[in-house]
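using only what follows, build the 3D model:
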Amino acid sequence: MSDVVVALDVGGTSMKCALVDVNGRVLHSETRVTPREHGPEAVIKSIVDTAVELAATPGYRARAVGLVVPGPVDNERGIAVYSSNLGWRDVPFRQLVEAELGLPTALGHDVRAGGLAEARLGAGRGSRQLLFVAIGTGIAGAHIIDGSGLSGAHGAACELGHVVVRPDGPKCGCGQYGCVESLASAVQFERRYAEASGTAREAMDIIAAVDTDPIAQRVWRETIEVLADGFLLGIALLDPDTIVVGGGLAKSGDALLTPLRTALTARATFHTVPRLVAAELGREAGCVGAALLGLERLEDGT
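Sure thing, here's the model as predicted:
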């Protein structure tokens, strides 16, 4: 029987779940729908129930739980402070899960956990100052220094998706106007293309059509420009040696990284444009990071 950490990476549309061993190897994984259309209470119940079910998987002995969620997180108290995509505020996830399972539980930020995994085990190995940016349903960043994530004084460090780059832009879920996320997330990229073309298509299909579809080309160019403005701010503030790009849009590889690198270089003045690479761990990054947090809580005995 293998000792494992139950790992959950909760996103705006899906919940990635895994059983991860002490070496960061994913031994079992599955994906479930995040029932956000039923409201935050339904999402919270689904998360706790899923952790309980995974801990009971035959053939494995659960030793800890690592749960990572979007939005500001109070790591010390195990409270999810706020999520613009899922609608909750001040949810005591650590207390809820530990009450159900009796296992040490760590709560963390989803993107920060993904960045932690990439820094220690993925594309950021060897980096001392890493900026990880996930571009999916939402957009967020993580600043990892020497293999440790910085959460900030209030658990909201590096929320690059909620940096305003187009003040006259659309209203974001956070309440501001013209945030990077409101214009350049995968969801908003698809929305803007559908509005311009009258046709609904998935992000990867739109990107694949950039060379032949003028509307796709224009919307993609605008998306790259928004991302470059947001990334440049991150570079100015944090001066990373590496930027690892993850999330759904990163699956497009050089179709994203090449024009993004070009746009960053064109904008840079005093800035040093760092190494820009795609994430290696893919969909498993958040779960692996969650497991690393769970292991740390187990080892700390807290």
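
okay, now the closest residue to residue 140 other than its chain neighbours: neighbour count?
Setting aside the residues directly before and after it, residue 140 is nearest to residue 111 in space (C-beta to C-beta, 6 or more residues apart in numbering), at 4.1 Å. (Each C-beta comes from the backbone N, C-alpha and C, glycine too.) Using other C-beta atoms under 10 Å, residue 111 has 31 neighbouring residues.

you'd agree residue 111 is in a strand?
No - looking at residue 111 with DSSP: H, G, I helix; E, B strand; the rest coil, it is helix, so not inside a strand.

hmm, residue 134 and it touching each other?
Yes - Residue 111 lies in contact with residue 134 (C-beta atoms under 8 Å); the separation is 4.7 Å.

now for residue 146: which residues touch it?
residue 128 (C-beta atoms under 8 Å, 6 or more residues apart in numbering).

now with 10 Å?
Going by C-beta atoms under 10 Å, 6 or more residues apart in numbering, residue 146 touches 119, 127-130.

quick one: pLDDT of it?
Note on residue 146: pLDDT of 93.

gap between it and residue 126?
For residue 146, the distance to residue 126 equals 11 Å [C-beta to C-beta, to the nearest Å].

list residues touching both of the two?
Residues within reach of residue 146 and of residue 126 at once, by C-beta under 10 Å, 6+ apart, are residue 119.

which residue ranges of the stretch 51-200 of the chain form strands?
Secondary structure of the stretch 51-200 of the chain (DSSP state E, counting those that start in this stretch): strands located at 60-69, 73-74, 79-82, 89-91, 105-109, 129-135, 139-145, 148-149.

nearest to residue 255, of these?
Taking C-beta to C-beta, strand 129-135 is the member of the strands of the stretch 51-200 of the chain nearest to residue 255, at 12.7 Å.

can you add distance to residue 50 and mean neighbour count and give the strands of the stretch 51-200 of the chain back as a markdown table?
Below are these laid out as a markdown table (distance: least, C-beta to C-beta, whole Å; neighbours: other C-beta atoms under 10 Å):
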| stretch | distance to residue 50 | mean neighbour count |
| --- | --- | --- |
| strand 60-69 | 10 | 24 |
| strand 73-74 | 18 | 22 |
| strand 79-82 | 15 | 21 |
| strand 89-91 | 15 | 15 |
| strand 105-109 | 13 | 29 |
| strand 129-135 | 21 | 28 |
| strand 139-145 | 22 | 25 |
| strand 148-149 | 24 | 18 |
